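Asker: sequence and predicted structure below; questions after.
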Amino acid sequence: MTLPSWETRPEITANLINPAFCSELIRECMIAYREESGNNLPFSLAVLILPILLNSKIRSRMPKTKASTIHSWINENEDLKIGLSSQITNFLPFTRESIMFGIVHDAISIDDMGGLALKQRKGRLKSDDMEIKNCISKSALLGKLLHKSGNPLTIYSILGIKP
């Protein structure tokens with residue numbers, strides 16, 4: 001699936017799934033993952049970030065702290081797995097576009113192992129909008145949860161997704 005040109009995208013899609021904003025969400029998750037693990041975020045986990053964070057129903061039910069794991073969170077919220085696989089598939093083009101945006105703008109790179117590596121940050125996303133702030137903080141939390149929850153295959157299995 002290819003994305004329509006920027007000019008022909010519906011306005012709501014262009015505003016909500018803006019590659020600069022989505023790239024920043026991915027970076028926040030990468031930063032937290034790296035702080036917890038000392039490793040770069042596996043590329044295979046990057047596809048989970050946007051479908052989880054940009055779905056307000058899922059984001060609002062995320063754990064409050066990193067003391068939880070994805071396994072315990074999903075066990076308490078089994079219904080969140082319904083349709084998650086198709087959401088991930090639908091978000092793939094936007095995830096790729098956001099990662100490519102980060103690469104082009106020298107904020108993200110891909111390491112020799114295929115992980116997402118952080119590059120120097122030129123600035124930090126600032127907003128007074130509570131929903132944007134919530135997305136950013138939940139992105140950092142997601143990075144910590146992904147680290148604590150095992151390897152990518154385990155996480156996919158917990159979420160009921162076949163890679």
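Answerer: Cool, the structure landed. Everything numeric here is computed off the predicted structure, so don't read it as measured data.
Asker: now stretch 18-26: buried residues?
Answerer: For stretch 18-26, burial by neighbour count (16 or more other C-beta atoms under 10 Å) applies to 18-19, 21-26. Where you see a C-beta, it was placed from the backbone N, CA and C, and this is true even at glycine.
Asker: and that stretch, average pLDDT?
Answerer: Mean pLDDT, stretch 18-26: 92.
Asker: cool, stretch 153-163 as well?
Answerer: 89.
Asker: now do it: everything it contacts.
Answerer: 44-45, 48, 70-71, 74, 81, 84-85, 88, 146, 149-150, 152 (C-beta atoms under 8 Å, 6 or more residues apart in numbering).
Asker: circling back to that earlier point, can I get the buried residues of stretch 18-26 in TSV including distance to residue 56 and secondary structure?
Answerer: Below are the buried residues of stretch 18-26 laid out as TSV (distance: C-beta to C-beta, whole Å; DSSP: H, G, I helix; E, B strand; the rest coil):
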residue	distance to residue 56	secondary structure
18	16	coil
19	20	helix
21	15	helix
22	15	helix
23	20	helix
24	18	helix
25	14	helix
26	18	helix
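Asker: I'd like these as JSON lines, with distance to residue 63 appended.
Answerer: Listed next are the buried residues of stretch 18-26 as JSON lines, based on distance: C-beta to C-beta, whole Å:
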{"residue": "18", "distance to residue 63": "26"}
{"residue": "19", "distance to residue 63": "28"}
{"residue": "21", "distance to residue 63": "23"}
{"residue": "22", "distance to residue 63": "22"}
{"residue": "23", "distance to residue 63": "24"}
{"residue": "24", "distance to residue 63": "22"}
{"residue": "25", "distance to residue 63": "17"}
{"residue": "26", "distance to residue 63": "20"}
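Asker: in helices, which of the contacts of stretch 153-163 fall?
Answerer: 44-45, 48, 70-71, 74, 84-85, 88, 146, 152 (DSSP state H).
Asker: most neighbours among the residues you listed, which one is it?
Answerer: Counting neighbours by other C-beta atoms under 10 Å, residue 146 comes out on top of those with 26 neighbours.
Asker: pretty sure residue 80 contacts residue 61?
Answerer: Yes: contact status for residue 80 versus residue 61: in contact at 6.5 Å, counting by C-beta atoms under 8 Å.
Asker: with neighbour numbers in mind, choose between those two.
Answerer: More neighbours surround residue 80 than the other of residue 80 and residue 61, with 18 against 13 (other C-beta under 10 Å).
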